[in-house]
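[1] sequence plus predicted model, see below.
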Amino acid sequence: METANAKVEGAKAETEKALAKTKETPASAKEESVKEESVKEESKKETTSLGNFHNPVLDLNPTNVASTIKSNAEQRLKDDYQMQDYEVQQQTSAYNQLKNVAVDSEVKQTQMKNALSRWGYDFEMVQYNKRAVYLYNALFCIHQKLSNEKDSFF
């Protein structure tokens, strides 16, 4: 039986592999590799990729994700089984929501890769990080627009 630390290390390695695959694989090669997968694997994998951009969460193995979420909860919340169940539900929900994020730009793809790289299998934090970056970018755009309007007003 794998220890929780070994599972976490395996999960980190898988995350890095998925991020590297997303970064290095051109869109045409991605399309070819998807075609080469068996029909069974294709039906399991969700497709939330648009054009040349790809959601890196889709590259994570769902079985490894589930076992890592569970082992992380067990490690963090040693004897509190109700909180372990709650943590597993919250992390699983966040993971499922992240799988369905439409990555339709290089900015979104980079933000998702950076959040995954920073937070690994803590999907609530990946989700929070993604929202914080989107909010920052929106506020920055508003600031720029207001600055431009102020300059044109005077």
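    Good, I have the coordinates. Numbering: from 1, shown residues only.

[2] and the pLDDT at Asn100?
    In this model, Asn100 is scored at 90, pLDDT.

[3] same question but for Glu87, I mixed them up
    95.

[4] what strand or helix carries the closest residue in space to it that isn't next to it in sequence?
    What sits nearest to Glu87 in space, not counting adjacent residues and going by Cβ to Cβ, 6 or more residues apart in numbering, is Ala73, at 4.0 Å. (C-beta placed from N, C-alpha, C; glycine too.) Assigned by DSSP states H and E, Ala73 falls within helix 62-76.

[5] could you tell me the angle between the next helix or strand after that helix and helix 62-76?
    Going down the chain from helix 62-76, the next helix or strand is helix 81-99, by DSSP H and E. Here helix 81-99 points in a direction 140 degrees away from that of helix 62-76 (axes from the mean of the first three to the mean of the last three Cα atoms, to 10 degrees).

[6] can you mark which positions in helix 81-99 are buried?
    Residues Gln84, Glu87, Val88, Gln91, Ala94, Tyr95, Leu98, Lys99 are the ones in helix 81-99 that count as buried (16 or more other Cβ atoms under 10 Å).

[7] mind putting these in JSON lines, distance to Lys130 included?
    Converted to JSON lines, the buried residues of helix 81-99 look like this (distance: Cβ to Cβ, whole Å):
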{"residue": "Gln84", "distance to Lys130": "25"}
{"residue": "Glu87", "distance to Lys130": "20"}
{"residue": "Val88", "distance to Lys130": "21"}
{"residue": "Gln91", "distance to Lys130": "15"}
{"residue": "Ala94", "distance to Lys130": "10"}
{"residue": "Tyr95", "distance to Lys130": "13"}
{"residue": "Leu98", "distance to Lys130": "8"}
{"residue": "Lys99", "distance to Lys130": "13"}
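
[8] that older thread, my read: the residue nearest to Glu87 touches Asp80, true?
    No - Ala73 is beyond contact range of Asp80, at 9.4 Å (criterion: Cβ atoms under 8 Å).

[9] the more surrounded of these two?
    Neighbour count, other Cβ atoms under 10 Å: between Ala73 and Asp80, Ala73 has more, with 22 against 13.
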